[in-house]
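Student: what follows is a predicted protein model with its sequence.
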Amino acid sequence: MKTKLFCNYCHGSLVKGIREGKERQVCESCGEIYYENPLPVVSVIVANANREFLLVRRAREPAKDMWCFPIGFAESGEGIEEAAMRELKEEAGIDGEVVQVLDVFSESTDIYGEVLVVSFEAERVGGTEMAGDDAVDCAYFPVANLPKLAFPSQERALKKFIALKRDTWNMSDSFQKLVHETLEGEAPVSGGLLSDALVRVIEANAARIIDLWLSDISTNPSTKRYRSFERAELLSKAKVMLSELEAWLKREKGESELKSLSALLGRQRSGEIVPLGELISAISLLKKHIFRFTSSTGVWSRPVEMYRVLELGERLVYFFDRVTYYAAAGYQKGSV
């Protein structure tokens, strides 16, 4: 690190002395104190839709030939965000917009002394990725295969970035899997859904959910015929349906098992002279109590937990829609 030798004001020699309780450089002639302040540095993280990070390979020291996020000094006359977007353009060739500040970190360097690194998240809005200025290469790297970064401040900012994005990425992945295996009816992809965790809630509280359902159908005007059934029989039917739901959510059973069970239920209710509308209502009320119970277990503190419950709701809609369809088909066959 270079040491300043002369005063900016009178060009007198600088010597060390105790000022304001700290050793500082002081001008011998005019007594002016030379304050050594950290240099402002901007660093920019840009990730694409595939969760790949834009890195540049450094053309010069410090850390020559190592990979890093676009980084450089802020200059007088420009705002800190403006400096970040300028460095992004100069080193990586793209235009960007600041999304948020990720981190502010003090770092000591051999060449420049103390620097204050302000790390931003930015999104690409134009331009073409190409190495420029202090870079000899420019490329995107997947999050799971990043090279060692040149600067500790960037490692720290990257960890914060990933922590901030983790829930969003998990929700996105889970939604894609939901569409793939549930709504499109394709084979399950690797990994589970976020709402799989709520299956344990249903299993652990099955008795309570069924009790709420039994109380509802015994008083609900849409299920009058169910009041004549023995509670033990309804309890048994509800247990079977919940067990089927749990197995379906765990992907242990598929469409054929669901069709067989639901059609049998429909034929039985037809033989018992239960109006079809009341059968459908009873099925709908069971769905209501499952969702109401799982959504009242105090899991709304984070967006990812909110998503987890709403995702379960989508899966319940799909499951009970199939149950209703097959039960109605069985009911009509049983009434012939």
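Tutor: Right, received. Where do you want to start? Just so we're clear, the structure is a prediction, and the values are computed from it rather than from any experiment.

Student: which of the helices or strands spans Val201?
Tutor: For Val201, the enclosing helix or strand under DSSP states H and E is helix 197-204.

Student: contact partners of that helix?
Tutor: Applying CB atoms under 8 Å, 6 or more residues apart in numbering, the contact partners of helix 197-204 are 209, 242, 245-246, 249-250, 290, 293-294, 297, 308-309, 312. For every residue, glycine as well, the C-beta is placed using N, CA and C.

Student: hang on, Ala59 packs against Asp134?
Tutor: Yes: Ala59 lies in contact with Asp134 (CB atoms under 8 Å); the separation is 5.2 Å.

Student: for these two, indicate the residue with more neighbours.
Tutor: Asp134 (18 against 15; other CB atoms under 10 Å).

Student: ok, now which ones touch the more buried one?
Tutor: So Asp134 contacts 56, 58-60, 72, 90-91 (CB under 8 Å, 6+ apart).

Student: so which of the residues you listed are in helices?
Tutor: Mapping the contacts of Asp134 onto helices (DSSP state H) picks out 90-91.

Student: redo the contacts of Asp134 as TSV? Include pLDDT and distance to Leu258.
Tutor: Output for the contacts of Asp134, formatted as TSV (pLDDT from 0 to 100; distance: CB to CB, whole Å):
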residue	pLDDT	distance to Leu258
Val56	97	54
Arg58	94	59
Ala59	92	62
Arg60	89	65
Gly72	94	60
Glu90	95	59
Glu91	96	56
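
Student: bridged to Ser106, which residues?
Tutor: Counting by DSSP bridges, Ser106 forms beta bridges with Leu116.

Student: how many neighbours does it have?
Tutor: The burial count for Ser106: 10, using other CB under 10 Å.

Student: just the one 4 residues further on next, same as before
Tutor: Counted with other CB under 10 Å, residues neighbouring Asp110 total 8.

Student: pretty sure it sits against Pro62.
Tutor: Yes: contact criterion CB under 8 Å: Asp110 and Pro62 qualify, at 7.1 Å.

Student: next SSE after the helix holding Val201?
Tutor: helix 206-217.

Student: mind giving me the packing neighbours of that following helix?
Tutor: When contacts are defined as 3 or more CB pairs under 8 Å, 6 or more residues apart in numbering; DSSP states H and E, helix 206-217 sits against helix 231-249, helix 276-294.

Student: what is the orientation angle of it with helix 276-294?
Tutor: 140 degrees (axes from the mean of the first three to the mean of the last three CA atoms, to 10 degrees).

Student: before we move on, the earlier item: which of the helices and strands packed on helix 206-217 sits closest to Ser256?
Tutor: helix 231-249 (11.4 Å; CB to CB).

Student: alpha carbons of the closest one, as CSV, please.
Tutor: Only the C-alpha atoms of helix 231-249 are listed here, as CSV (Å, rounded to 0.1, in the frame of the first residue of the first chain):
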residue,chain,number,x,y,z
ARG,A,231,-71.3,-42.2,13.7
ALA,A,232,-69.0,-45.3,13.7
GLU,A,233,-69.8,-46.0,10.1
LEU,A,234,-69.1,-42.4,9.0
LEU,A,235,-66.0,-42.4,11.1
SER,A,236,-64.7,-45.5,9.3
LYS,A,237,-65.5,-44.1,5.9
ALA,A,238,-63.7,-40.8,6.7
LYS,A,239,-60.6,-42.7,7.9
VAL,A,240,-60.4,-44.6,4.7
MET,A,241,-60.7,-41.5,2.6
LEU,A,242,-58.1,-39.7,4.7
SER,A,243,-55.8,-42.7,4.4
GLU,A,244,-56.3,-42.7,0.6
LEU,A,245,-55.5,-38.9,0.5
GLU,A,246,-52.3,-39.4,2.5
ALA,A,247,-51.2,-42.2,0.3
TRP,A,248,-52.0,-40.2,-2.8
LEU,A,249,-50.1,-37.1,-1.5
